[in-house]
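Asker: only the shape, not the letters, is given here:
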């Protein structure tokens, strides 16, 4: 009887934590890897890899140095490293991004610093085929052999 009630409360707790936002406050520094199913708000410093299926918001005082993998990200702060998103990267005017970026969509406000190699997948469409051009024949030279 108690065990079935206990299981229900554990399930409810785990469901609540996956939808709640994780906050790394200003003045906090984390060195290491972080993995979560829920969204993040980072106002402190993270040195390491961050992986989440939720949205990541980096405030003005926030800084990530390492790899960030997620769906969507909004940056007001700084990032240095490799950024891999399946959705949209939004850079506010105070954002400063350096490194390598892989995303589907990119939105940049005037004033943002974006010093990165960027690869956008999922939105690139192939160009229509160009009309076929006749192959050029190699030029023939008329030379007589002297014998």
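Answerer: Yep, that arrived. This structure is a prediction, so every number in the text was calculated from the model and none was measured.
Asker: looking at the chain, which helix or strand is least sure?
Answerer: helix 2-19 (a mean of 49; mean pLDDT, DSSP states H and E).
Asker: so where's the chain shaky on pLDDT?
Answerer: 1-19, 122-147 (pLDDT under 70).
Asker: the strands in it, which residues?
Answerer: Using DSSP state E, the strands found in the chain span residues 22-24, 29-31, 34-36, 40-42, 45-47, 50-52, 56-58, 63-70, 73-75, 78-85, 88-91, 96-103, 105-108, 113-120.
Asker: partners of the fifth one, with directions?
Answerer: It stands for strand 45-47. The strands that strand 45-47 pairs with in its sheet are strand 29-31 (parallel), strand 63-70 (parallel) (by DSSP bridges).
Asker: just the endpoints, please. Distance across stretch 84-98?
Answerer: For stretch 84-98, the first and last residues are 13 Å from each other (C-alpha to C-alpha, to the nearest Å).
Asker: ok, now which ones touch residue 30?
Answerer: For residue 30, the contact set (C-beta atoms under 8 Å, 6 or more residues apart in numbering) comprises 24, 44-48. No exception for glycine: its C-beta is placed from N, CA and C like everyone else's.
Asker: just residue 62 next, same as before
Answerer: Residue 62 neighbours (C-beta under 8 Å, 6+ apart): 24, 26, 42-45, 76-78.
Asker: of the residues you listed - the most surrounded one?
Answerer: Greatest neighbour count in those, by other C-beta atoms under 10 Å, goes to residue 42: 28 neighbours.
Asker: distance check, the residue lying closest to it once chain neighbours are set aside against residue 45.
Answerer: Of all residues not flanking residue 42 in the chain, residue 62 sits nearest, at 4.2 Å (C-beta to C-beta, 6 or more residues apart in numbering). Here residue 62 is placed at a distance of 8 Å from residue 45 (C-beta to C-beta, to the nearest Å).
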